[in-house]
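Student: Return a 3D structure for these sequence lines:
(2 chains)
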Amino acid sequence: MRQYNKEVIYGIYSDEEDLLRAVRNARSKHLEIMDVYTPFPVHGLDQAMGLSESRLHQAGFVYGALGTLTAFLGMSWIFTRDWPIIFGGKPYWPVPSFIPITFELTVLFAAWGMTITFYTICGLWPGVSNPQLDLRTTDDKFCLAFDCADVSEGEAKSFFNETGADEVNSKMI
Amino acid sequence: MAGGYIAPVRRPLVEGNKTYHQITEDLCSPTERTPSKAWVIAFLISVTVLAYGLFCIVWTIWMGTGTWNLNRTIGWGYDITNFVWWIGIGHAGTLISAILMLFRQRWRTGVNRAAEAMTIFAVICAALFPVIHVGRVWVVFYFFPYPNTRGSLWPNFNSPLLWDVFAISTYFSVSLLFWYTGLVPDFATVRNRATGFRKKVYNFLSFGWTGSAKHWQRWESLSLVLAGLSTPLVLSVHTIVSFDFATSVIPGWHTTIFPPYFVAGAIFSGFAMVQTLMVITRKILKLEEYITLEHIESMNKVILVTGTIVGVAYLTELFIAWYSGYVYEQFAFFNRAMGVYWWSYFGMMACNVISPQIFWVKKFRRSIFVTFFMSIFVNIGMWFERFVIIATTLARDYLPSSWSYYTPTWVEIGIFIGTIGLFFTFYMIFTRVAPVVAIAEVKHILKAGGDQYIGDKAHHGTSHSLESTKHHDH
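Tutor: Okay, the predicted model is just below:
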C-alpha cells in the first residue's frame, strides 16, 4: 500500500450534482482540492476542477506513427534489400500489399502504447494497492478531499457544511 | 454521454427506479453468491464438450491433418469455415463497444461488457483453426517476421493469409485491452465489497483503482481512442479475412463485393450471438432491468439491417453473375443453388435473408421468444454461408476433372463442437468472475436513461438535474 504521509480531510456527497457544485465553490474560494473520487466518470468534473487536458491522445498518435513506420519501413527493407523475391509477378516493392499490415501495426502500437502509458502515469498495475479514503466511492458516494497542509480544518469543515456534504472525515494516508 | 437534451421519444434504458447503490448490488451479486444449479450444469456441459474438442485437436496434431477430409481440390473445409464463422461472431462486441460509443448510443452500456467478452472468447476459438490447420503446429511461429537463422526467412507480406495473422493478432489484443480497461473500475467496485481471498484476487485485478478524477479523465480519453481505433480495426479485420477469398481467381470468390458483404455478415452473426447470450443471461442473472427490451429491440434492428444488407449482397452477386455474361461466374452461382450442396445454399438463404425479415414487425422485435430462436437461425445461416462460399466453390471450380466432394470427419466435427464448448466455458467463467454489465457506465447514464428520469414513469420535475448540468455529450 502506498503511503503518502498526508493528513487529509474529506467530505462525502451522495449526488454528483452536489459534488459538482461543491467543486465549483471550492475553486471560486481558491481552496486547493487534493483529489475527487467518484464511482463513475462525472461529466463536467474535469472542467470544474480545472484539470489540464490529458496528453494521452498525443502520446497515442506518436505510438501509432511509430507503428506505421515500423511496419512500412520494415517490410520495405525486407522485400527490397534483405531478401527480394518475385511473388506472383508482383514488383519487389508492392506498396498496396503493405497497406493492411501497416494499418494493423499502427493500431496495435497505438493501443498498446496508450494503454501501458495510461496505467503507468496513473500508477496502476497488477498488485498495486492505493489508499482509499472511503470504500463507498466505488459504489455510490462522491468524495472531495483537501490536503490539511493546504486547507485548514476550520475552513474545510465550514466549506463542507455549506456545500451540503453528508459526512466529513479526516484520515492519514 | 450523460446529460444534455434527451428527446421525449427516448425509452428508459435502466428500469426499476434504481439508485447507484442498487446498481452496484444488482450487478456485483452474481459474482458474490454461490453459483446456481443452472450455472453448474451449463458449465459442466460446456467443459465436457470442450474436453471432447481438445481430444479431437490432440488427435489431429498427433495423427496429422489426414484425419480430416480435406482433399484436392477442397483444401479448406470445416477448418476455415469455422474460423471465419467465429471471427464474424466476434465482431459484434467491438461494434457495440466502439462503434456505438462513437455514435453516442447510450444503450450500449447494458450489453457492451458481455459483448466484448464474447468477442475475446470468439476470437480465441477462431484463432485455433489457422493454428491447427497448418499441421506442424510446433512451428506455427514461422508466421511471424522475426530475424532468424533460416536466411533470415521472412513470411510473404503479399499474402492475405499473412495479413490475417497480423489482423487477428491485433484485433485480439486490442479488444482485450479495451475490455480490460473498462473492467478495471468495475473490478475495483467488486474489490471494495469483497473480503478475504476474493478481496486479494480483485485487488490484483483492479490494479489499485481508486476512482480519482484525474484517472477517470484519462480513462475516458483512453476509452475514446480505443473506440476510435477499434472501429476501423474491426472493419479492416473482416475485410482482410474476406481478402483470403477475394484475392484468389476462382469464380464465386474473386469478387469485390466480399469486403462489405463479409463485414455486414459478421455484424449480423455477431449480434445474433450477443442476443443468444443476453436473452439467457438476463433471465438467469435476473438482469432484465439492465438488459431491457429496448436493448433487445435495438439489437434486433441491427440484425434486420445487416441481414438485409447480406441479402442484397447475395442478390447483387447473382445479378452480376448474369450481367457479366461470364459463363464461369454464372455456373458458380447456378451450382450453389442447384448443385450437390444445394441444401446448404437453401439453409443459408432461408436463415439469413428470409427469417430476419420477421423483425419488421415490432411485436416480434420485442419478443424474447422470437429473438432467441431467430438468433440461433441467424448463426446457423451464417455458418452455412461460409460453408457455401468455401466448400461449394472449391468443389466445382474451373476444371471438371478437378471436381471433388467434401464431408467432414468425426475429428473435424468434434473440433467444431469443441470450440462451441470452449466459448461457453469461457462465458460461464466470465459470468461468475466479472460483472456482466458495465457498472460504472450504467451509473454514468442513469440520469439520462433511468426510468425515474425519462419515459412514462418519470417524475416530471426531476428533469432539473438534466438541465442544470449543461455539459455536452462527448
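Student: So the closest residue to residue A:90 other than its chain neighbours, which state does it fall into?
Tutor: Among residues not flanking residue A:90 along the chain, residue B:158 sits closest, at 5.7 Å (Cβ to Cβ, 6 or more residues apart in numbering or on different chains). From N, CA and C alone the C-beta is placed, and that goes for glycine too. Counting by DSSP: H, G, I helix; E, B strand; the rest coil, the backbone at residue B:158 sits in coil.
Student: Could you give me the buried positions within stretch B:306-316?
Tutor: B:306, B:307, B:308, B:309, B:310, B:311, B:313, B:314 (16 or more other Cβ atoms under 10 Å in any protein chain shown).
Student: How many neighbouring residues does the closest residue to the fifth one other than its chain neighbours have?
Tutor: Nearest non-adjacent residue to residue B:310, counting by Cβ to Cβ, 6+ apart: residue B:265, 5.0 Å away. Neighbour count of residue B:265, defined by other Cβ atoms under 10 Å in any protein chain shown: 29.
Student: The residue nearest to residue A:90: what's it in contact with?
Tutor: Residue B:158 sits next to A:87, A:88, A:90, A:94, A:97 when contact means Cβ atoms under 8 Å, 6 or more residues apart in numbering or on different chains.
Student: Tell me the spacing between it and residue A:92.
Tutor: 11 Å (Cβ to Cβ, to the nearest Å).
Student: Grab the longest helix from chain A for me.
Tutor: helix A:95-122 (DSSP state H).
Student: list the helices and strands it packs on?
Tutor: helix A:56-77, helix B:160-193, helix B:213-246 (3 or more Cβ pairs under 8 Å, 6 or more residues apart in numbering or on different chains; DSSP states H and E).
Student: what angle sits between that helix and helix B:160-193?
Tutor: Interaxial angle, helix A:95-122 versus helix B:160-193 (axes from the mean of the first three to the mean of the last three Cα atoms, to 10 degrees): 20 degrees.
Student: Output the below-cut-off pLDDT ranges for chain B.
Tutor: Along chain B, segments meeting pLDDT under 70 span B:1-4, B:460-474.
Student: What is the burial count for residue 150?
Tutor: Picked chain A for this. With other Cβ under 10 Å as criterion, residue A:150 counts 13.
Student: Chain B, not that one
Tutor: Residue B:150: 8 neighbours (other Cβ under 10 Å).
Student: On the three-state scheme, it is what?
Tutor: Applying three-state DSSP: residue B:150 is coil.
Student: how near is it to residue B:142?
Tutor: From residue B:150 to residue B:142 the distance is 9 Å (Cβ to Cβ).
Student: Equivalent analysis for residue B:438, please.
Tutor: 39 Å.
Student: number of nearby residues for the closest residue to residue B:247 other than its chain neighbours?
Tutor: Distances taken as Cβ to Cβ, 6+ apart place residue B:160 nearest to residue B:247, at 5.2 Å, with adjacent residues excluded. Neighbourhood size, residue B:160 [other Cβ under 10 Å]: 21.
Student: From what I see, residue B:160 and residue B:237 are in contact.
Tutor: No: using Cβ atoms under 8 Å, residue B:160 makes no contact with residue B:237, being 11.9 Å away.
Student: Would you mind giving the helices and strands packed on helix A:95-122 as TSV with distance to residue B:5 added?
Tutor: Shown next, in TSV, are the helices and strands packed on helix A:95-122 (distance: least, Cβ to Cβ, whole Å):
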stretch	distance to residue B:5
helix A:56-77	27
helix B:160-193	26
helix B:213-246	21
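Student: Quick one: closest of these to residue B:447.
Tutor: Proximity to residue B:447, assessed across the helices and strands packed on helix A:95-122 by Cβ to Cβ, is greatest for helix B:213-246 (16.5 Å).
Student: helices or strands up against the closest one?
Tutor: strand A:33-37, helix A:45-49, helix A:56-77, helix A:95-122, helix B:78-94, helix B:100-102, helix B:160-193, helix B:258-284.
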